[in-house]
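Provided below are the primary sequence and the corresponding predicted coordinates.
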Protein chains: 2
Amino acid sequence: MLEKDLRERIKEVAVDHFNNNGYHGTTIRNIANDVNCSLPMIYYYYNNKKELFDEIIKKEYFDLLKRQAALLKTDNIIDFYTKFVYDLNSLSNYDKKVYRLGIKVYLSFDGDEELMEIMDEWEKTILPRHYQLLKPYLKNADNDMAIVRTLVHLLESLIESIVVKNRFLPEEEIREEISIVLRGCE
Amino acid sequence: MLEKDLRERIKEVAVDHFNNNGYHGTTIRNIANDVNCSLPMIYYYYNNKKELFDEIIKKEYFDLLKRQAALLKTDNIIDFYTKFVYDLNSLSNYDKKVYRLGIKVYLSFDGDEELMEIMDEWEKTILPRHYQLLKPYLKNADNDMAIVRTLVHLLESLIESIVVKNRFLPEEEIREEISIVLRGCE
DNA sequence: CTTTTCGCCTAACGTTCGTTAGAATTATAT
DNA sequence: ATATAATTCTAACGAACGTTAGGCGAAAAG
């Protein structure tokens, strides 16, 4: 037994390859090479290529999302969202790659119909969840929902910068932008 | 000679395939099948697969971007940005697919190093360009640049909804969100 | 001590890929 | 009419792909 469980190491390397080369550009041989194991070992732990890909999205990605969504919320809504985004900067490389891969599937740039449906289900929960979070701070104006939508759009773009484009975003910049959208709230 | 130039038809079908299946998931055989021509005809007009992909990004995508960027600007900045985004809804299917493919490369979900460098060069021009547009409407506050950044982030997310996720966004929703970011300007 | 199970391997299967050789057909020019 | 050039084809190349058959050695179970 090497440093880590072989099954885990395969998945880690697979995340890397799927990320860099997409589903079709990734070969089992290349994964096996980087893991330093023989080719059929991949099939010993995963039935086939698709199952390996699916496990990364269904388990790793959604676990990560749920961990993120369960973050504690402070009493200041701007602080909360700022921290929520800023903390993505210090995600582990593995988590960042899983996140990136998930977004790729979310935008239907990779994966298949089945995964897309799961993503659609998740997406439906996004707006209501943030509406609940923001509710106490909204002034029951006629554009409350527009503010929630705008914030979610901003968050998506910020997350993409950090996770997909692999940029570092300073806390102050994040706070400024979120404050612009939420100015007037609290 | 059929309805259209064969070279053009190959490119059209290729855009579709690269879009649906990515670079590695696309095969020259499948393209030839859908074009209803023999396989080597692709090689008659394009030296290889990569050249076909590159032409779509380098010519079609950037032509589209430049067309977009050259849009006339009205005297009302919110009207202008609203129209800018809303008009994406009625892009032709071909243009939408080209746009989508370009964003895929922009996010380095497809394509290679060389295309990424071209994308990076383009990206550098985005913030300054919108700063110039917004300048007359900004009140020289200390968060002027933050407003520009926020707007660009919002635009990116709105564009992605329409072009990548293929949603229809109503003009009123777009206007509301842009107004939230630009409230105070003009 | 024997037998079964587990983790891992070498070698190969059949298929599909990008690409090309070489020839047939059609259009253009002389 | 004849020569040249532009399109298009059938057929195949070698390489790489996902996947599997079958066996080896060590550990665990009886």
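All right, it came through fine.

contacting residues around the least confident helix or strand in chain A by mean pLDDT?
Counting by mean pLDDT, DSSP states H and E, chain A has its least confident helix or strand at helix A:62-69, which shows a mean of 92. Contacts with helix A:62-69, where a contact means Cβ atoms under 8 Å, 6 or more residues apart in numbering or on different chains, come from A:84, A:95, A:98-99, A:102, A:118, A:122, A:129. Just so you know, the C-beta spots here come from the backbone N, C-alpha and C atoms, and that holds for glycine as well.

ok, the residues you listed vs residue A:39, which is closest?
residue A:98 (23.9 Å; Cβ to Cβ).

run a quick neighbour tally on the closest residue to residue A:21 other than its chain neighbours.
Excluding the flanking residues, the one nearest residue A:21 by Cβ to Cβ, 6 or more residues apart in numbering or on different chains is residue B:24, at 6.8 Å. Neighbour count for residue B:24, taken as other Cβ atoms under 10 Å in any protein chain shown: 16.

for the helix or strand hosting residue B:24, name the packing helices and strands.
Taking DSSP states H and E as the definition, one finds residue B:24 inside helix B:6-25. Helices and strands touching helix B:6-25, by 3 or more Cβ pairs under 8 Å, 6 or more residues apart in numbering or on different chains; DSSP states H and E, are helix A:6-25, helix B:28-35, helix B:39-45, helix B:49-55, helix B:93-106.

tell me if the longest helix that chain A contains is near chain B.
In chain A, assigned by DSSP state H, the helix with the most residues is helix A:113-134. No. No part of helix A:113-134 sits near chain B under the criterion Cβ under 8 Å from any Cβ of the partner chain; the closest distance found is 8.9 Å.

pull out the buried residues from that helix.
Across helix A:113-134, burial judged by 16 or more other Cβ atoms under 10 Å in any protein chain shown covers A:115, A:118-119, A:122, A:130-131, A:133-134.

again with stretch A:57-74
Buried, per 16+ other Cβ under 10 Å, within stretch A:57-74: A:57, A:60-61, A:64.

next, format these as JSON lines and append distance to residue B:147.
Shown next, in JSON lines, are those (distance: Cβ to Cβ, whole Å):
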{"residue": "A:57", "distance to residue B:147": "36"}
{"residue": "A:60", "distance to residue B:147": "37"}
{"residue": "A:61", "distance to residue B:147": "33"}
{"residue": "A:64", "distance to residue B:147": "32"}
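
closest to residue A:111 out of the residues you listed?
residue A:57 (6.5 Å).

my guess is that closest one contacts residue A:99. True?
No. With contacts defined as Cβ atoms under 8 Å, residue A:57 does not count as touching residue A:99, sitting 11.0 Å away.

outline the domain layout of chain A.
A:1-46, A:60-182 (automatic domain parsing).

of all those, which one is nearest DNA strand C?
Minimum separation from DNA strand C across the domains of chain A (Cβ to the nearest atom of the strand) falls at domain A:1-46, 3.3 Å.

tell me which parts of chain A are close to DNA strand C?
By Cβ under 7 Å from any atom of the strand, the residues of chain A that approach DNA strand C are A:1, A:6, A:37-41, A:44.

how close does the residue most central in space within chain A sit to residue B:95?
The centroid of chain A falls nearest to residue A:99 when counting by Cα atoms, centre = their mean (3.2 Å). For residue A:99, the distance to residue B:95 under the criterion Cβ to Cβ, to the nearest Å works out to 30 Å.

if we can go back for a sec, redo the domains of chain A as TSV? Include distance to DNA strand D.
Putting these into TSV (distance: least, Cβ to the nearest atom of the strand, whole Å) gives the following:
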stretch	distance to DNA strand D
domain A:1-46	3
domain A:60-182	13
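
would you turn those domains into TSV with distance to residue B:49?
As requested, the domains of chain A are exported to TSV (distance: least, Cβ to Cβ, whole Å):
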stretch	distance to residue B:49
domain A:1-46	12
domain A:60-182	19
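
picking up where we left off before, among the contacts of helix A:62-69, which two are most distant?
Most distant of the contacts of helix A:62-69, by Cβ to Cβ, are A:84 and A:118, 22.7 Å apart.

distance from the chain centre to stretch A:55-64, please.
In terms of Cα atoms, centre = their mean, to the nearest Å, the centre of stretch A:55-64 is set 9 Å apart from its chain centre.

what does stretch A:41-54 give?
The mean C-alpha position of stretch A:41-54 is separated from the chain mean by 22 Å, Cα atoms, centre = their mean.

how about that stretch, does it reach chain B?
No. On the criterion Cβ under 8 Å from any Cβ, stretch A:41-54 is out of touch with chain B, staying 12.5 Å away.

likewise for stretch A:138-148?
Yes. Judged by Cβ under 8 Å from any Cβ, stretch A:138-148 comes into contact with chain B through A:143, A:146-147.

who wins for neighbours among those?
So for these (other Cβ under 10 Å), the most neighbours sit at residue A:147, 24 neighbours.

which non-adjacent residue is nearest it?
Residue A:147 sits nearest to residue B:180 (Cβ to Cβ, 6+ apart), 6.0 Å away.

what about the closest residue to residue A:108 other than its chain neighbours, distance to residue A:123?
The spatial neighbour of residue A:108 that comes closest, neighbours along the chain excluded (Cβ to Cβ, 6+ apart), is residue A:116 at 5.5 Å. Relative to residue A:123, residue A:116 is positioned 10 Å away (Cβ to Cβ).

repeat for residue A:141
25 Å.

and what of residue A:146?
For residue A:146, the distance to residue A:123 - Cβ to Cβ - is 18 Å.

now do residue A:178
Distance from residue A:178 to residue A:123, by Cβ to Cβ: 21 Å.

what distance separates the helix or strand containing residue A:83 from the centre of its chain?
Taking DSSP H and E as the definition, residue A:83 sits inside helix A:77-86. Centre-to-centre, helix A:77-86 and its host chain are 16 Å apart (Cα atoms, centre = their mean).
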